[in-house]
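Asker: Need the 3D shape of this:
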Amino acid sequence: MRGEVLSMNDETGSLLLREAKCDGRRMSALRLLATSGVTPEQLATWCEHGRLYALCDSAADPDESPLAAAMTRPCQDQAATAEICALAVRPERKGHGLGRRLLAEVADVLLRGGIRRVVAPGVEVTDDQAAALENAGFCRCADGSYAREL
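Answerer: Here you go, the predicted structure:
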């Protein structure tokens, strides 16, 4: 089963945001997220309650690694708030705005689902991830985390 197309965020329609559920893209997206420094244990925990998103080339094989991926989960202690647990862009595609585009598209999907605030922990955020968060409208908080009101 292919993940539902959540948006087409490119003028040419060549980029699709999908929720990676039960197809080869899910495993490919998880492998990509593993390159961002998260552990397999963290990914397994987040998969229990989180949602995995993949920014894909519409012409790509479903088993091909997505261009970028993000994992979100609801914040248990904050109503209408979701956390971005992990974010990764394929190394050869960094510097082309894909992280920003992915975050913007995921934020739109979360907003449609009732989420009003998105947070990302500032601990262990790479410079590339920080730039993507800031370019997608996230602000750095006093505690070092990032937040965006939707």
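Asker: Can you say which helix or strand has the nearest residue to Ser36 once chain neighbours are set aside in it?
Answerer: Excluding the flanking residues, the one nearest Ser36 by CB to CB, 6 or more residues apart in numbering is Ala88, at 4.0 Å. Just so you know, the C-beta spots here come from the backbone N, C-alpha and C atoms, and that holds for glycine as well. Assigning secondary structure by DSSP states H and E places Ala88 in strand 81-89.
Asker: Keeping just the C-alphas, turn the helix or strand following that strand into CSV.
Answerer: Sequence-wise, the next helix or strand downstream of strand 81-89 (DSSP H and E) is helix 98-112. In CSV, the C-alpha atoms belonging to helix 98-112 read as follows (Å, rounded to 0.1, in the frame of the first residue of the first chain):
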residue,chain,number,x,y,z
LEU,A,98,14.1,20.4,0.9
GLY,A,99,14.2,20.5,4.7
ARG,A,100,12.4,23.8,4.8
ARG,A,101,9.8,22.5,2.3
LEU,A,102,9.3,19.3,4.2
LEU,A,103,8.8,21.1,7.5
ALA,A,104,6.3,23.6,5.9
GLU,A,105,4.3,20.8,4.3
VAL,A,106,4.2,18.7,7.5
ALA,A,107,3.1,21.8,9.5
ASP,A,108,0.2,22.3,7.1
VAL,A,109,-0.8,18.7,7.5
LEU,A,110,-0.6,18.9,11.3
LEU,A,111,-2.6,22.2,11.2
ARG,A,112,-5.4,20.4,9.2
